[in-house]
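Asks: Starting from these lines, generate the structure:
(one chain, ligands or ions: 1)
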Amino acid sequence: MSKVASLAEVVAEREVTAVNLYDLAKQRDRLGGRIEARIDDVLKHGQFILGPEVAELEEELAKFAGARHAIGVSSGRDGLTMAMMALGVGPGDAVFVPGFTFSASAASVAPLGAEPVFVDVDPDTFNMDPAALEEAIAAVERDGRLTPKAVMPVDLYGLPADYAAISGISARHGMRVLADAAQSFGGMLGNSQVGTLAPITATSFYPTKPLGAYGDGGAIFTEDDDLAEAVMMIRTHGRQGSGDHALRIGMTARLDTIQAAVLLVKLQSFSEELVRRRQVAEAYTELLSGLVETPKVSDGAKSAWALYTVKVPDRDAVRERLAAAGVGTGLFYAVPLHHHPAFERWVPEGLSLPVSERLAGEVLSLPIHGDLEDAEIAFVVDKLKDALA
Ligand SMILES: Cc1ncc(COP(=O)(O)O)c(C=O)c1O
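Replies: Numbering: from 1, shown residues only. Next comes the predicted model:
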């Protein structure tokens, strides 16, 4: 959508009666035939585990990101755990995780016997606040129980985190950075693609992600040959190639061949879908200015726009009104990580993350995807105006 001159005009252009938060049907109409053909190839050759489509996709993903290695894995969350295994994260280690993200970011730390340490986020970018990271590291060092080992910035809603600041802090404390890019594949900082912004990066191909499979999947990106070799062993039971020995503790964490076949087709139109997501985001920002607080994009960054998230003080009531008017929305996330029962044991007494706590009550994600039409954007904006009135 270039400019929406008249809302009423665009809404009238096509009768829109509802807009879901996600809608994969249009993408399927565009790509379904080609996807089915590639799935059929897999059914015929029968190499369901690490078939040729996985290597082909890895090559294409590495090319897209400009990364030395791309390794297909079973999910984003497994990818994070595997990246930490490759980095040697273990019992007694602290991994710094934002307090405002999906629970999988912190859950990925637990199987290693390490502990997530929650860090507050920046209210404008929703991403880890470097100043809060410094404070959290200082607290861990004062306490002396854990060794600061790794930092996990999360590129929330598709916007890359402040890797320059976080990498500097991390290096000063002898830590490694691993990027949770589950939502941000396709995003950029300057001329660098997500996948090259940290020594090791994990993304997700969960169906509703910008590049989504038809099931679970993910990928790890790294420039480091040793980390890449470690990850490839970890995804196949700790074995090297077809070797008989488990050389390290591994997992069953490969990207499925059928999912690789689906992703190979989707990757072909991914750049165009990213352009459309950016157009949708720009249109929302223009049309909603002055009505609600719209998301900001940091200087030099390009978001993959996995989600378009506004801040609404009376969020729950507005969300209910939107649902009644036919607009699907999402709450990402209604609960900050330090308030999840599963993570209670890692929350120091009295921990307060004021920004994460406030955002959890205000954020509201609107429909955005690569096939959203102008009339649908106008419908969402129209209904949001009514809901706020
Ligand atoms: C920020 C974040 N981290 C991790 C994950 C986990 O990815 P997956 O669902 O592929 O395991 C997700 C996905 O839902 C996510 O949004």
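Asks: Find the closest residue to the ligand in the stretch 201-350 of the chain.
Replies: Ser204 (3.2 Å; C-beta to the nearest ligand atom). (Each C-beta comes from the backbone N, C-alpha and C, glycine too.)
Asks: Might you report the residue contacts of that residue?
Replies: Ser75, Gly76, Arg77, Gly79, Ala182, Gln183, Gly217, Gly218 (C-beta atoms under 8 Å, 6 or more residues apart in numbering).
Asks: The residue in the chain positioned nearest to the ligand - nearest residue in space that isn't next to it in sequence?
Replies: With C-beta to the nearest ligand atom as the measure, Gly76 is the residue of the chain nearest to the ligand, at 2.6 Å. Distance criterion C-beta to C-beta, 6 or more residues apart in numbering; nearest residue to Gly76, sequence neighbours excluded, is Ser204 at 2.7 Å.
Asks: what's across from the one you found in the sheet?
Replies: Beta-bridge partners recorded for Ser204 (DSSP bridges): Gly218.
Asks: What ranges does the stretch 101-250 of the chain have for its strands?
Replies: 115-119, 147-151, 176-180, 188-189, 192-193, 200-204, 218-222 (DSSP state E, counting those that start in this stretch).
Asks: Let's have the ones you listed in TSV, adding mean pLDDT.
Replies: Conversion of those to TSV gives the following (pLDDT from 0 to 100):
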stretch	mean pLDDT
strand 115-119	98
strand 147-151	98
strand 176-180	98
strand 188-189	98
strand 192-193	98
strand 200-204	98
strand 218-222	99
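Asks: picking that back up, the residue of the stretch 201-350 of the chain closest to the ligand and Gly212: what is the separation?
Replies: 9 Å (C-beta to C-beta, to the nearest Å).
Asks: And Ala334, by the same measure?
Replies: With C-beta to C-beta as the criterion, Ala334 and Gly212 are 23 Å apart.
Asks: So between the two, which is more surrounded?
Replies: Gly212 (22 against 13; other C-beta atoms under 10 Å).
Asks: Show me how far stretch 208-223 is from its chain's centre.
Replies: Its chain's average C-alpha position is 9 Å from that of stretch 208-223, according to C-alpha atoms, centre = their mean, to the nearest Å.
Asks: thinking again about what came up before, pipe the contacts of Ser204 into CSV and attach neighbour count per row.
Replies: Output for those, formatted as CSV (neighbours: other C-beta atoms under 10 Å):
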residue, neighbour count
Ser75, 22
Gly76, 27
Arg77, 23
Gly79, 33
Ala182, 28
Gln183, 29
Gly217, 30
Gly218, 28
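Asks: which among the residues you listed gets closest to Asp371?
Replies: Gln183 (18.5 Å; C-beta to C-beta).
Asks: now the closest one, nearest residue through space, not along the chain?
Replies: Nearest one to Gln183, counting by C-beta to C-beta, 6+ apart, is Ala306 at 3.9 Å.
Asks: Look up the residues forming beta bridges with Val73.
Replies: For Val73, the beta-bridge assignment (DSSP bridges) gives partners Gly218, Arg254.
Asks: Hmm, it is touching Asp216, no?
Replies: No: shown here, Val73 and Asp216 do not form a contact pair, counting by C-beta atoms under 8 Å, at 9.7 Å.
Asks: Am I right that Phe379 is in a helix?
Replies: Yes: assessed with DSSP: H, G, I helix; E, B strand; the rest coil, Phe379 lies in a helix.
Asks: Show me what from the stretch 251-389 of the chain comes close to the ligand.
Replies: Within reach of the ligand by C-beta under 6 Å from any ligand atom, the stretch 251-389 of the chain has no residues at all.
Asks: what's the pLDDT at Asp244?
Replies: According to the prediction, Asp244 has pLDDT 88.
Asks: distance of it from Gly238?
Replies: Distance from Asp244 to Gly238, by C-beta to C-beta: 12 Å.
Asks: Comparing those two, which residue is more hemmed in?
Replies: Neighbour count, other C-beta under 10 Å: between Asp244 and Gly238, Gly238 has more, with 17 against 6.
Asks: quick revisit: JSON lines for the strands of the stretch 101-250 of the chain, including distance to Leu264?
Replies: Shown next, in JSON lines, are those (distance: least, C-beta to C-beta, whole Å):
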{"stretch": "strand 115-119", "distance to Leu264": "34"}
{"stretch": "strand 147-151", "distance to Leu264": "32"}
{"stretch": "strand 176-180", "distance to Leu264": "24"}
{"stretch": "strand 188-189", "distance to Leu264": "22"}
{"stretch": "strand 192-193", "distance to Leu264": "18"}
{"stretch": "strand 200-204", "distance to Leu264": "16"}
{"stretch": "strand 218-222", "distance to Leu264": "13"}
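Asks: Any idea which helix or strand in this structure has the lowest mean pLDDT?
Replies: Across the helices and strands of the chain, mean pLDDT, DSSP states H and E gives its lowest value to helix 7-13, namely a mean of 60.
Asks: Mind checking what secondary structure Pro91 has?
Replies: coil.
Asks: Report the spatially closest residue to Glu58, excluding sequence-adjacent ones.
Replies: Ala70 (4.7 Å).
Asks: no wait, Ala136
Replies: In space, Ala136 is closest to Val119, 4.7 Å off (C-beta to C-beta, 6+ apart).
Asks: Just say helix, strand or coil for Leu21.
Replies: coil.
Asks: Test my guess that it contacts Leu331.
Replies: No: Leu21 lies out of contact with Leu331 (C-beta under 8 Å); the separation is 10.3 Å.
Asks: from the contacts of Ser204, which single one is nearest Glu15?
Replies: Gln183 (32.3 Å).
Asks: and that closest one, how far is that from Lys44?
Replies: Gln183 is 34 Å from Lys44, by C-beta to C-beta.
Asks: cool, Asp314 as well?
Replies: For Asp314, the distance to Lys44 - C-beta to C-beta - is 55 Å.
Asks: Compare neighbour counts for the two and give me the winner.
Replies: A direct count of neighbours by other C-beta under 10 Å for Asp314 and Lys44 places Asp314 higher, at 12 against 7.
Asks: I'd like the next helix or strand past the least confident helix or strand of the chain.
Replies: helix 25-45 (DSSP states H and E).
Asks: Using CSV, write out every CA atom in the next helix or strand after that following helix.
Replies: Downstream of helix 25-45, the next assigned helix or strand under DSSP H and E is helix 52-65. Extracted in CSV, the C-alpha atoms of helix 52-65 (Å, rounded to 0.1, in the frame of the first residue of the first chain):
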residue,chain,number,x,y,z
PRO,A,52,19.1,-33.6,-0.4
GLU,A,53,16.5,-30.9,0.2
VAL,A,54,18.1,-30.1,3.6
ALA,A,55,21.5,-29.5,2.1
GLU,A,56,20.0,-27.5,-0.7
LEU,A,57,18.1,-25.3,1.7
GLU,A,58,21.1,-24.8,3.9
GLU,A,59,23.0,-23.5,0.9
GLU,A,60,20.2,-21.2,0.0
LEU,A,61,19.8,-19.9,3.6
ALA,A,62,23.5,-19.3,3.9
LYS,A,63,23.5,-17.4,0.6
PHE,A,64,20.4,-15.3,1.7
ALA,A,65,22.0,-14.3,5.0
